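# Sharing a model that was predicted from the sequence below.
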Amino acid sequence: MPPDPRLTSAMLVGALRRRVVEAGGFATVLVKGDEISGVILVQAVERGRETGLFERVPNLDGGYALMRCGPAPAEGPEALSAYIERRRRSDPDLWIVELDVAQAERFAAETIC
């Protein structure tokens with residue numbers, strides 16, 4: 001039996017960008033990853049202030065969830081840049097999407113998980 005069809009990373013990122021823009025926010029692809037199966041990181045921002053970095057990860061139910069990753073926003077932009085650089089070196093297929101909208105984590109979870 002063939003596996004269930006899944007949406008590609010590019011399709012998920014596109015849907016997320018459209019939803020955020022429709023809600024009056026901004027969504028920018030900072031790093032374009034593998035179109036089919038690249039890991040998606042969401043950099044959440046609210047009114048220009050960093051609120052966290054989240055990764056779309058598989059969960060035990062066979063679906064996906066968002067998990068906080070990387071340094072805490074209080075550690076500053078240098079820590080975030082260093083973390084992203086390390087991740088990109090180990091996974092060149094990685095997507096990084098910045099969302100500047102109220103409740104960015106909720107938007108991402110509802111759309112890509």
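Nice, I can see it.

# what's the following helix or strand after whichever strand or helix holds residue 44?
Assigned by DSSP states H and E, residue 44 falls within strand 40-46. Using DSSP H and E, the helix or strand that follows strand 40-46 in sequence is strand 49-58.

# Which strand residues bridge the residue nearest the centre of the chain?
Centroid check for the chain by CA atoms, centre = their mean gives residue 42 as the closest residue, at 2.4 Å. On the basis of DSSP bridges, residue 42 is bridged to residue 54, residue 97.

# Tell me which residues touch the closest residue in space to residue 15 that isn't next to it in sequence, please.
Leaving aside its sequence neighbours, residue 15 sits nearest to residue 111 (CB to CB, 6 or more residues apart in numbering; 5.6 Å). (C-beta placed from N, C-alpha, C; glycine too.) The contact partners of residue 111, by CB atoms under 8 Å, 6 or more residues apart in numbering, come to 12, 15-16, 19.

# Next, count neighbours for residue 82.
Residue 82: 13 surrounding residues under other CB atoms under 10 Å.

# now it: how far from residue 113?
Counting by CB to CB, to the nearest Å, the separation of residue 82 from residue 113 is 27 Å.

# picking up where we left off before, so which of the contacts of residue 111 would you say is closest to residue 61?
For the contacts of residue 111, the minimum distance to residue 61 (CB to CB) is 17.8 Å, reached by residue 12.

# Show the pLDDT at that closest one.
Reported pLDDT at residue 12 in the predicted model: 97.

# show me the residues around the closest residue to it other than its chain neighbours that make contact.
In space, and not counting its chain neighbours, residue 12 is closest to residue 112: 4.5 Å by CB to CB, 6+ apart. Residues counted as contacts of residue 112 (CB under 8 Å, 6+ apart) are 12-13, 15-16, 40, 42, 56, 64, 66.

# Just the buried residues of those.
12-13, 16, 40, 42, 56, 64, 66 (16 or more other CB atoms under 10 Å).

# Go through those and name the one nearest residue 50.
Distances from residue 50 to those, taken by CB to CB, are shortest for residue 42, at 11.8 Å.
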